[in-house]
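Engineer: Have a look; sequence and predicted model below, questions after that.
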2 protein chains.
Amino acid sequence: MTNPILSMNQATIKYADLRQTLDTLTAAGYQSVGLWREPVEAVGVKEAVKMVADSGLRVSTMCRGGFFTMPEGDDRRASIDDNRKLIEETAAFGCKVLVLVVGGLPAGSKDLIGARARISDALAELESDALAAGVTLAIEPLHPMYCTDRACVSTLGQALDIAAPFDPKAVGVTVDTFHIFWDPQVLDSIARAGREGRIATYQVCDYRTPFEKDVLLSRHYMGEGVIDFKSLTEAVAATGWRGDIECEIFNQAVWDTPFDQVAARVSDAFDKEVAPYWPVQA
Amino acid sequence: MTNPILSMNQATIKYADLRQTLDTLTAAGYQSVGLWREPVEAVGVKEAVKMVADSGLRVSTMCRGGFFTMPEGDDRRASIDDNRKLIEETAAFGCKVLVLVVGGLPAGSKDLIGARARISDALAELESDALAAGVTLAIEPLHPMYCTDRACVSTLGQALDIAAPFDPKAVGVTVDTFHIFWDPQVLDSIARAGREGRIATYQVCDYRTPFEKDVLLSRHYMGEGVIDFKSLTEAVAATGWRGDIECEIFNQAVWDTPFDQVAARVSDAFDKEVAPYWPVQA
């Protein structure tokens, strides 16, 4: 039986459209899904909301907003507007978490400090929208190998520092094992995230080397790499945070596997590597 | 003219033997070299010491000791003994810095915390040898993408925490731009390293994405990537640390370039990207 708190992020079966995603997950006994905007917008948000409602699945997160490290100008305005639109789309599903991949260095820039300051500026612009919609913007620290081209927020502690000035209902953090397990301060940072009420989502997948040819696609099923899910999962559980735990894997071999097999495999890996360390809910 | 404080790490011209390395650098007007043990041991330490003395070059660092994260047993004893031998070899050149790549997870292990504890254990064993030889063991934090298979010390702050219980003459840190530029705390950590007297060597090269096929070989000439050498170099200079600044590049295309061209190119890149931010010595 698929664990009721396990959510599968849609990107784990990237080539499935929304219909196939929902059918795969409901057939496999999932109760929760993490959605991506592209397959949602491919059918239209209104229709997608109806499809998801009919499926009975909860929506654990919407992926993904962010990409607002560029300087002021048309591109930045377009990004802020796009994030506002995404906040609305997230809320339309009754989903409370919009994951943010904040962006790396703008083209030609070497100024990480400036890029990071512009993240704070963007959050200040978006905070009231997030509060009005009941959506938490979940800053995702990405592994430092993605710092310059994808997300110049690299540690959970840094994400919490950036989130600190904002209402925890509006700005939280994404706790993703792949991105943060290496951090010598990870357990303390998870505890801090809990204390500060900032955990918006807990995402799991594994890490191993050598990397796949594309380092972005180097995420693996839990148990196939070197991450100690016990310590991380227990740390999240100890904060008191309770929510659907999402498995998100970007990996060409996984993408090339039939969807139902992936759904079953994720469930098995979760049961073996994560569930034993999570309190059973009454 | 090649800057008198510029040292070229021998691995930048990996296919050069010791003779060729020394000839290349002296012909290019360098005054300092970072040595690797393999080419040194290929000619024998005694002969190598004579060759380097005859060249007139200073030896900025010896690379590299470490790799002692494994649990107690024969392999660990062999590693500790090997590090003792390396401390002696380093001292034989009148060199005061042995760079440490500490090691990743032992095979089959997922216990980063345990691996890190064994680094401290190893340093405790080696401290007196280092002091006796007048050699500083320079813990090198490596970029987190190498955390599990090469060095589970990933930030300068973490390296300083590990170094803290030991005499700064015995245990210091390597400040390498490639590995630490992404760290949101990097400038504070460099200042702390200076305050605590832990800077043993400052190494420069650039970083860019996408990575080379082998992520280990993704180091570039200064100016060819996204690292802001101004802020990092000024931060190191502000600590008051003065020493030879070493350029270390692992990159197949660089290795395939004639040695003299590499030496000239490194010198040019240093003059343009690093030297302007370093105090001119009287």
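Structural biologist: Received it, and whenever you're ready, just let me know what you need.
Engineer: Can you name the residues in contact with stretch A:120-127?
Structural biologist: Under the criterion C-beta atoms under 8 Å, 6 or more residues apart in numbering or on different chains, residues A:68, A:79-80, A:83-84, A:87, A:137, A:162-163, A:165-167, A:170-171 lie in contact with stretch A:120-127. (C-beta placed from N, C-alpha, C; glycine too.)
Engineer: buried set for it?
Structural biologist: Residues of stretch A:120-127 classed as buried: A:120, A:122-123, A:126-127 (neighbour count, 16 or more other C-beta atoms under 10 Å in any protein chain shown).
Engineer: which residues touch residue A:155?
Structural biologist: Shown in contact with residue A:155 (C-beta under 8 Å, 6+ apart): A:141, A:180, A:183, A:185, A:189, B:184.
Engineer: burial of the nearest residue to residue A:140 once chain neighbours are set aside, as a residue count?
Structural biologist: Distance criterion C-beta to C-beta, 6 or more residues apart in numbering or on different chains; nearest residue to residue A:140, sequence neighbours excluded, is residue A:174 at 3.7 Å. For residue A:174, the neighbour count with other C-beta atoms under 10 Å in any protein chain shown is 31.
Engineer: Wait, residue A:174 touches residue A:198, no?
Structural biologist: No: at 9.8 Å, residue A:174 does not count as touching residue A:198 under the criterion of C-beta atoms under 8 Å.
Engineer: Which residues are in contact with each of those two?
Structural biologist: With contacts taken as C-beta under 8 Å, 6+ apart, residue A:174 and residue A:198 have residue A:159 as neighbours in common.
Engineer: any idea how far residue A:204 is from chain B?
Structural biologist: Distance of residue A:204 to chain B, given as C-beta to the nearest C-beta, to the nearest Å: 14 Å.
Engineer: cool, and residue A:7?
Structural biologist: 24 Å.
Engineer: what's the answer for residue A:231, then?
Structural biologist: Distance, residue A:231 to chain B, using C-beta to the nearest C-beta: 8 Å.
Engineer: which non-adjacent residue is nearest that residue?
Structural biologist: residue A:187 (6.6 Å).
Engineer: Also residue A:13?
Structural biologist: The shortest distance from residue A:13 to any non-neighbouring residue, by C-beta to C-beta, 6+ apart, is to residue A:259 (4.6 Å).
Engineer: Counting neighbours, what do you get for the one you found?
Structural biologist: Neighbours of residue A:259 under the rule other C-beta under 10 Å: 20.
Engineer: residues contacting it?
Structural biologist: By C-beta under 8 Å, 6+ apart, the contact list for residue A:259 reads A:13, A:16, A:20-21, A:24.
Engineer: Put the buried members of those residues into a PyMOL selection.
Structural biologist: To isolate the buried members of these in PyMOL, using 16+ other C-beta under 10 Å:
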select buried, chain A and resi 13+16+21+24
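Engineer: residue ranges of the strands in the stretch 51-200 of chain A, please?
Structural biologist: For the stretch 51-200 of chain A, applying DSSP state E, counting those that start in this stretch gives strands covering A:58-66, A:97-101, A:136-139, A:171-176, A:199-204.
Engineer: now the helices for chain A?
Structural biologist: Using DSSP state H, the helices found in chain A span residues A:18-27, A:37-43, A:45-55, A:74-92, A:112-133, A:156-163, A:177-180, A:186-195, A:229-238, A:252-255, A:259-273.
Engineer: Can you add mean pLDDT and give the ones you listed back as CSV?
Structural biologist: Listed next are the helices of chain A as CSV, based on pLDDT from 0 to 100:
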stretch, mean pLDDT
helix A:18-27, 98
helix A:37-43, 97
helix A:45-55, 98
helix A:74-92, 98
helix A:112-133, 98
helix A:156-163, 98
helix A:177-180, 98
helix A:186-195, 98
helix A:229-238, 98
helix A:252-255, 98
helix A:259-273, 98
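Engineer: Out of those helices, which is the most enclosed?
Structural biologist: Compared across those, helix A:177-180 shows the largest average neighbour count, a mean of 25 (mean count of other C-beta atoms under 10 Å in any protein chain shown).
Engineer: And chain B, is that helix touching that?
Structural biologist: No: if you take C-beta under 8 Å from any C-beta of the partner chain as the test, helix A:177-180 misses chain B, and the best it gets is 9.5 Å.
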